[in-house]
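Trainee: sequence unknown, structure follows:
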């Protein structure tokens, strides 16, 4: 959260790209924990980011939705392995992990930018911002998980 508030909220590449690094919290959250606590964590993380970036609750709504949908996304990506803790870091094919990361990130970014622009006149802008920010956010989160996963080995 501190990295998001201090670094990534102030990083505006080409006035478009602003990575959502705090999504890493929702990606590495253990599946064995309570789902209600995940939604509460999503609310708290979203409201903190909203208060610091003045985004009128858009991060909160997007984060709560991602936390609520995480179980479905996890079951879709990992199947029977979805109930095993930290399955997204090891033990499954890389394609499944990439799909999981991308679905979480794309869902968040699509909801966030849909709420920011909130008009059908900006559909092309919403898609552009969603895709560009999702790609950069994915790269940052993927590299971060690889660095810390390789250290733990």
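Mentor: Structure's in. What do you need? This is a predicted model, so every value here is computed, not measured.
Trainee: before we move on, what SS does residue 30 have?
Mentor: On the three-state scheme (DSSP: H, G, I helix; E, B strand; the rest coil), residue 30 is labelled coil.
Trainee: tell me the pLDDT at residue 62?
Mentor: Here, the pLDDT recorded for residue 62 equals 93.
Trainee: quick one, what contacts it?
Mentor: By C-beta atoms under 8 Å, 6 or more residues apart in numbering, residue 62 lies in contact with 46, 107, 108, 109, 111, 112, 115. (C-beta placed from N, C-alpha, C; glycine too.)
Trainee: What number of residues are in the vicinity of the third one?
Mentor: Residue crowding around residue 108 was assessed by other C-beta atoms under 10 Å; the count is 27.
Trainee: Was I right to think it contacts residue 20?
Mentor: Yes - using C-beta atoms under 8 Å, residue 108 is in contact with residue 20, at 6.4 Å.
Trainee: The nearest residue to residue 141 once chain neighbours are set aside: what's it in contact with?
Mentor: Computed as C-beta to C-beta, 6 or more residues apart in numbering, the closest residue to residue 141 that is not its neighbour in sequence is residue 24, at 5.1 Å. If you count contacts by C-beta under 8 Å, 6+ apart, residue 24 has them with 141, 144, 145.
Trainee: Okay, buried residues for the strand or helix carrying the first one please.
Mentor: Going back to what we said before, that points to residue 141. Using DSSP states H and E, residue 141 maps to helix 123-152. Applying a neighbour-count criterion of 16 or more other C-beta atoms under 10 Å, one finds 126, 129-130, 132-138, 140-142, 145 buried in helix 123-152.
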